[in-house]
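[1] output the structure for:
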Amino acid sequence: MGELWKRLTERQKKIFPWLAAILMVGAGILLLQPTAQPELASLPRQQPVEVPVSSVEESLKRELAEILNAMLGAKRCSVFLTMDSGSKLTLAYSVTEEERTSPEGLKERRLTSAPVILRNDGERKEAPLVIEELEPQVRGVLVVVDEEPSAELRLAVAQAVATALQLPMYRIEVAFKK
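    Reported below is the predicted structural model:
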């Protein structure tokens, strides 16, 4: 710093303290500036979204048929499911509220909402923030088996379905083709 000061002219040496003072005042103004606090209206809110039943129902049917066919030894059964309702996703929404007053004294209020989006830079994907996900409930199951009717087989298939889907036995019906 000493060599730098020696290289300055007399005029530059007179300006230097003024520049330092202006720099300090600017930094003080930036530090003392009030920060904007988020309003309560801009906090995320929840909104349920319906998801089609068919995709969940089809995957459950396929998995249950695979389990039962593995248990029976070949492709000897068909599965029919009845679902209560579709899946429900509860997404987070960011809600912004603006209030304006016109010169005439009229108040205008505007609400805008948008889903909260999460970004995964590694995979370059965006997805909404899911707060809660409710799967559809299975109302009943019908299994049609291509075998000779027997009470033992009917009980084994019904117990397998009850265990796989966590259903009571009265919601499961096992029928035979022959």
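[2] touching, Glu126 and Val116? I think so.
    No: if you go by CB atoms under 8 Å, Glu126 and Val116 don't touch, sitting 10.8 Å apart. Every C-beta, even on glycine, is put in place using the N, C-alpha and C of the backbone.
[3] more neighbours: which of the two?
    For Glu126 versus Val116, neighbours defined as other CB atoms under 10 Å are more numerous around Val116 (14 against 9).
[4] quick one, longest helix in the chain?
    helix 10-32 (DSSP state H).
[5] centre of the chain to that helix, how far?
    Helix 10-32 sits 51 Å away from the centroid of its parent chain (CA atoms, centre = their mean, to the nearest Å).
[6] likewise for stretch 79-88?
    With CA atoms, centre = their mean, you get 21 Å for stretch 79-88.
[7] for stretch 139-149, same thing?
    37 Å.
[8] Ser87 and Leu134 touch, don't they?
    Yes: using CB under 8 Å, Ser87 is in contact with Leu134, at 6.5 Å.
[9] that older thread, so for the longest helix of the chain, what gets flagged as buried?
    For helix 10-32, the neighbour count (16 or more other CB atoms under 10 Å) marks no residue as buried.
[10] residues touching it, excluding its own?
    With CB atoms under 8 Å, 6 or more residues apart in numbering as the test, helix 10-32 has contacts from 5, 8.
[11] look up how far Thr112 lies from Val161.
    48 Å (CB to CB, to the nearest Å).
[12] compare those two (neighbour count), which wins?
    The residue with more neighbours, out of Val161 and Thr112, is Val161; 24 against 10, by other CB under 10 Å.
[13] let me know the pLDDT of the residue nearest to that one when sequence neighbours are not counted.
    In this structure, Val161 finds its nearest non-sequential neighbour in Ile172, 5.0 Å apart by CB to CB, 6 or more residues apart in numbering. In this model, Ile172 is scored at 92, pLDDT.
[14] is Ile172 in a bridge, and if so with what?
    Val141 (DSSP bridges).
[15] what about it, how many residues nearby?
    Neighbour tally, Ile172, other CB under 10 Å: 20.
[16] ok, it to Lys107 distance?
    Counting by CB to CB, the gap from Ile172 to Lys107 is 60 Å.
[17] same question for Leu155.
    The gap separating Leu155 from Lys107 is 70 Å, by CB to CB.
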